[in-house]
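Student: next come a sequence and a model predicted from it.
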Amino acid sequence: MAVQKRFIAGAICPRCAEMDRIRTWEQHNIRYRDCVSCDFFEQLPIEDQALPELETRVNRPDEEPQRQDIQPVRILDPGNR
């Protein structure tokens, strides 16, 4: 049976910094990761529960914190002109 390779959505390659190019698969109790854009390749035993997490759009810190400007809203009565 052929091994099914899956892409990791939002993952950034640690070598070429391309997004959505990392794929992963498991075979013989080893987890493999590679990049389809460069020669990045990594293999890790599946028993290791403390795997380094790849940076994705979801877990990447925001470059610029969002502003929290609060402004009051004034409601005008159309009958009171």
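Tutor: Thanks, I have the structure now. Numbers count the residues shown, from 1 in each chain.

Student: who's in contact with the residue nearest the centre of the chain?
Tutor: Centroid-nearest residue in the chain, with C-alpha atoms, centre = their mean: T56, separated by 1.7 Å. Residues in contact with T56, defined by C-beta atoms under 8 Å, 6 or more residues apart in numbering, are 8-12. (Glycine included, C-beta is placed from N, CA and C.)

Student: quick one: contacts of stretch 7-22?
Tutor: For stretch 7-22, contacts defined as C-beta under 8 Å, 6+ apart pick out 23-24, 33-40, 54-58, 60.

Student: now do the strands in this structure.
Tutor: 6-7, 22-27, 30-35, 41-45 (DSSP state E).

Student: among these, which is nearest G79?
Tutor: Checking the strands of the chain against G79 by C-beta to C-beta gives strand 6-7 as the closest, at 59.8 Å.

Student: what strands flank the closest one, and is each parallel or antiparallel?
Tutor: strand 22-27 (antiparallel) (DSSP bridges).

Student: could you tell me the angle between the strand it pairs with and strand 30-35?
Tutor: Taking axes from the mean of the first three to the mean of the last three C-alpha atoms, to 10 degrees, strand 22-27 and strand 30-35 form an angle of 160 degrees between their directions.

Student: just to revisit the earlier point, format the contacts of T56 as TSV; extra columns: pLDDT.
Tutor: Below are these laid out as TSV (pLDDT from 0 to 100):
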residue	pLDDT
I8	92
A9	91
G10	90
A11	92
I12	92
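
Student: which pair of those residues spans the longest distance?
Tutor: A9 and I12 (11.2 Å).

Student: looking at this structure, which helix or strand is least sure?
Tutor: Least confident helix or strand, the chain: strand 41-45 with a mean of 90, by mean pLDDT, DSSP states H and E.

Student: understood, closing this out.
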